[in-house]
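Trainee: quick one, what's the 3D model for this:
(4 chains)
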2 protein chains.
Amino acid sequence: MDSGTAVRRSNRSSVLEQLLSGREIDRQELVAATGLSQATVFRVVSELLESRILVEGPTITRAGRGRNATSVRFNGEIALACGVDLGGTNCRLVLTDALGRTIARRNYRTRHDVDARGFGEWLGSCVRELVEQDGANATLGAVTVGLPGAVAGDKTRVVGSQNLPQIRGPEFLVALRGSLDAPVNIDNDSNLALLGELRYGSVPPTETTVLLILGTGLSAAVAMDGEILSGAQGLLGELGRLPLLGREQRLRDLLSGAGLAGYGRSLGYTLDTTAEVFAQPQRFGPLVADSRAAFTHLIDIVALAYEPASILVTGGFSESFTDDWFADTRARLRDLVGVDSVIQRSTLGAAAGLLGAMAHALSHLHIGLGALGALSATVGPGRDEILERFRSYSPETLASGV
Amino acid sequence: MDSGTAVRRSNRSSVLEQLLSGREIDRQELVAATGLSQATVFRVVSELLESRILVEGPTITRAGRGRNATSVRFNGEIALACGVDLGGTNCRLVLTDALGRTIARRNYRTRHDVDARGFGEWLGSCVRELVEQDGANATLGAVTVGLPGAVAGDKTRVVGSQNLPQIRGPEFLVALRGSLDAPVNIDNDSNLALLGELRYGSVPPTETTVLLILGTGLSAAVAMDGEILSGAQGLLGELGRLPLLGREQRLRDLLSGAGLAGYGRSLGYTLDTTAEVFAQPQRFGPLVADSRAAFTHLIDIVALAYEPASILVTGGFSESFTDDWFADTRARLRDLVGVDSVIQRSTLGAAAGLLGAMAHALSHLHIGLGALGALSATVGPGRDEILERFRSYSPETLASGV
DNA sequence: CGAATAAAGTTCAGCCTGAGAGGAATTATG
DNA sequence: CATAATTCCTCTCAGGCTGAACTTTATTCG
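Mentor: Below is the predicted model:
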């Protein structure tokens, strides 16, 4: 599979990358698109047909005389990819073919009654079950799991996790890998959500983008030049931990559900959810003002730290802020700080993490098949088609299964 | 010069990169170091000897019997590189050979009496004069200028500058390029100072490193994986602009010479320099406390934004902080925030900017000669040798010339 | 002085690409 | 319906490059 010289692999990759969109392309178009010679394209294509990575497509009849071209297309059935969005309460799985076409989705309650090893084996069995039931005997080629925790920069281990302490350390990952006969990759759920936004969302994939996740906690992910930044201990972007200047609180105490609720109670307010805080600003005046000021501060920080073209905001807590407030914040940022970043709500919302895990698994699958630069390639169904498939992807529908 | 196929260029580059250290290396060692075959190394070396990029070195006699190897070395005289550190008051130039060996240094007062075009031509004439007087008829192969201003991410234009408004816009760069017969590159002085620290300082060049420059103003530069981050408008890292939460001031108002002096006066203090503030903490108590708290906050922000292995601190204002204070701040950062970054004073100090400009020019020179990955290569004299040459590089000696 | 050894060169087969010739399929045209 | 025109596909071949093996040259040691 990885035979041949570097030149050969590179040419093979050039051809494959053209076909990862899933389109049916004839050889002449491949010659034009890759810049390779006819002979090379023909040989690479016949090799790929031989190894069943490509399949013959229909003949293409063009206007005018001349022989008809026969197209080829990427063989989606060659392998499966599985993306997993592992959360504190729910565990979401999606199985796709090699072209990123959704085959099946599952939703489980995350188990809390087993140790690290048992948890890894349980997650592995969830994936295996999905593949066996819906995979139509195709082999699983790549699995990527998004985790609610800090993942080391080399992606080899989970350094820490608030919600799922059992995934910390090597045991979980060893057990998971041991129970699956496919390459398993992990990353932080925020990072994968950002990958999802870059691949299937509405931001240009190579522009600097920051994803702010204001949910139960507060975290951020950053991408520059199509690469997602990561730190040695996975703490890069964990701005929720930031102590505020001259105050006892941290940023997450003012900008997350759990944080603001706790802070409110410490001030003597009685409240159940933070939604009511923003619904009754006259009653919770100081809390609302504090939270808004903290949001402004967070935007200032990420604007100057990363100078992003876009700042995407997502997570349940972020719904407390209106679009008008985003626009005001952007104007203030531009005038006061000098950075002009678009501040907008994420288009994918809760689906981003799962879509990112899926995109990551797909990329690794394609690299395994010989597409070297697959990490940044446009893969499979277009954005609109994907969004249509994940249209129903809201927390409510998820809780009730697919 | 750029002839041959991609494979050929790559092999040529592998060989060249080994020789950029300036060491005399025999062909067998090149074979071992590059992993290429003897035949390839011999052909590449004889081509490079032909084009005078390499020259024959002495024969190397090893213990034991056998024919002696004849070494080759990079021909330092093949071209010149010029680094320029353009400041608001001083303009420093260094001319080196292709191996980064210092040939001459100059120091001029920065002119403020000419317009953009005149300024570019003046700077060009400074470089030309240096080359003509000390260059021994070698051709100038690359020039890099570090500027006190924001440089766009594509390095094509100066977006803004406090101290030198005349360099803003395209005219200055056009005039400078027009008056020099060599490739001219520009970058922000903070970014080049960080490059200098990575190349000749005491931090590992591929680890995430943040350079904080606390001088008249406050700015930062960031490197990850050996690459220096940059934003579209050159504002990435300009954390001095950060408005503080719940206060009127910005970070630079508490952490820079000009800022703290102005802030102190606004509070009713009479002071000339900020040095006296830290010298008399009992008299300026609130100021000192504010400034220290701001430093802690800045460290918290860069730690969570970039998760650096090292935070280097430099600039005149930073001398107000003691090494003990750095150690305390690091311990607090580790315990409270969870990020363990070394906080230390820059080893190069005021020389970093010029060394970085020189390193940048050298890299571009080497790329021009065919060393593709030269941007991250270790070049020329070792760190200790460079530091010895720039030992006298303090603001005082610079003001009085070389 | 000759054998041993190590490095310097040289030759050659194999791989891969790109160019081009020629065959095959298809449509336009008389 | 036959022929020309056009496009797609297949095959061959020259050229460039690499790596392995071989020869040559120089030096040391017995």
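
Trainee: run the chain-centre distance for stretch A:139-146.
Mentor: Distance of stretch A:139-146 from its chain centroid, counting by C-alpha atoms, centre = their mean, to the nearest Å, is 14 Å.

Trainee: and it, which residues are buried?
Mentor: A:140, A:141, A:142, A:143, A:144, A:145, A:146 (16 or more other C-beta atoms under 10 Å in any protein chain shown). Every residue, glycine included, has its C-beta placed from N, CA and C.

Trainee: how is chain A partitioned into domains?
Mentor: A:6-74, A:79-195+A:350-399, A:205-346 (automatic domain parsing).

Trainee: ok so, going back, ok, so of the buried residues of stretch A:139-146, who is nearest residue A:183?
Mentor: residue A:142 (5.4 Å; C-beta to C-beta).

Trainee: report the central residue of chain A.
Mentor: residue A:356 (1.9 Å; C-alpha atoms, centre = their mean).

Trainee: and that one, what does it touch?
Mentor: A:83, A:146, A:191, A:192, A:193, A:194, A:195, A:196, A:197, A:199 (C-beta atoms under 8 Å, 6 or more residues apart in numbering or on different chains).

Trainee: looking at these, which are in strands?
Mentor: Those of these mapping onto strands are A:83, A:146, per DSSP state E.

Trainee: now render the contacts of residue A:356 as CSV, adding distance to residue B:110 and pLDDT.
Mentor: Shown next, in CSV, are the contacts of residue A:356 (distance: C-beta to C-beta, whole Å; pLDDT from 0 to 100):
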residue, distance to residue B:110, pLDDT
A:83, 56, 96
A:146, 52, 95
A:191, 44, 96
A:192, 49, 96
A:193, 48, 96
A:194, 43, 96
A:195, 46, 95
A:196, 49, 95
A:197, 45, 95
A:199, 48, 91
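
Trainee: the contacts of residue A:356 in helices, which ones?
Mentor: Residues of the contacts of residue A:356 located in helices (DSSP state H): A:191, A:192, A:193, A:194, A:195, A:196, A:197, A:199.

Trainee: now the second one. Nearest residue, chain neighbours left out?
Mentor: Taking C-beta to C-beta, 6 or more residues apart in numbering or on different chains, and ignoring the residues beside it in sequence, residue A:192 has residue A:356 as its nearest neighbour in space, at 3.4 Å.

Trainee: secondary structure class for that neighbour?
Mentor: Secondary structure state of residue A:356, per DSSP: H, G, I helix; E, B strand; the rest coil, is helix.

Trainee: excluding sequence neighbours, find me the nearest residue to the residue of the stretch 151-300 of chain A found nearest DNA strand D.
Mentor: Per C-beta to the nearest atom of the strand, residue A:183 is where the stretch 151-300 of chain A lies closest to DNA strand D, at 28.1 Å. Nearest non-adjacent residue to residue A:183, counting by C-beta to C-beta, 6+ apart: residue A:142, 5.4 Å away.

Trainee: and the one you found, helix, strand or coil?
Mentor: When classified by three-state DSSP, residue A:142 comes out as strand.

Trainee: before we move on, what about residue A:11?
Mentor: Residue A:11 is classified as helix under three-state DSSP.

Trainee: distance of it from residue B:11?
Mentor: From residue A:11 across to residue B:11, the span is 18 Å (C-beta to C-beta, to the nearest Å).

Trainee: what does residue A:351 give?
Mentor: 47 Å.

Trainee: ok, those two, which is more surrounded?
Mentor: With neighbours defined as other C-beta atoms under 10 Å in any protein chain shown, residue A:351 and residue B:11 compare such that residue A:351 has more, 28 against 19.

Trainee: returning to that earlier point: hmm, residue A:83 and the residue nearest to residue A:183 touching each other?
Mentor: No: in this structure residue A:142 lies outside contact range of residue A:83 using C-beta atoms under 8 Å: 9.2 Å.

Trainee: so what sits against both of those two?
Mentor: residue A:361.

Trainee: quick one: contacts for the residue of the stretch 151-300 of chain A at minimum distance from DNA strand C?
Mentor: Distances between the stretch 151-300 of chain A and DNA strand C by C-beta to the nearest atom of the strand are smallest at residue A:183, namely 25.1 Å. Counting by C-beta under 8 Å, 6+ apart, residue A:183 touches A:141, A:142, A:143, A:364, A:368.

Trainee: closest one of those to DNA strand D?
Mentor: residue A:368 (24.1 Å).

Trainee: helix, strand or coil for the closest one?
Mentor: helix.

Trainee: ok, which pair from the contacts of residue A:183 is furthest apart?
Mentor: A:143 and A:368 (12.0 Å).

Trainee: where does pLDDT dip in chain A?
Mentor: A:1-4, A:373-402 (pLDDT under 70).

Trainee: for the residue of it positioned farthest from its centre, phi and psi?
Mentor: Distance from the C-alpha centroid of chain A, by C-alpha atoms, centre = their mean, peaks at residue A:65 (47.0 Å). Backbone torsions of residue A:65, given as degrees, to the nearest 10, read phi -80, psi 180.

Trainee: now it: how far from DNA strand D?
Mentor: For residue A:65, the distance to DNA strand D (C-beta to the nearest atom of the strand, to the nearest Å) stands at 4 Å.

Trainee: give me every residue that touches the single nearest residue of the stretch 1-150 of chain A relative to DNA strand D.
Mentor: Distance from DNA strand D to each residue of the stretch 1-150 of chain A (C-beta to the nearest atom of the strand) is smallest for residue A:66, at 2.2 Å. Contacts for residue A:66 (C-beta under 8 Å, 6+ apart) come out as none.

Trainee: I figured residue A:226 hits residue A:203, correct?
Mentor: No: at 11.1 Å, residue A:226 does not count as touching residue A:203 under the criterion of C-beta under 8 Å.
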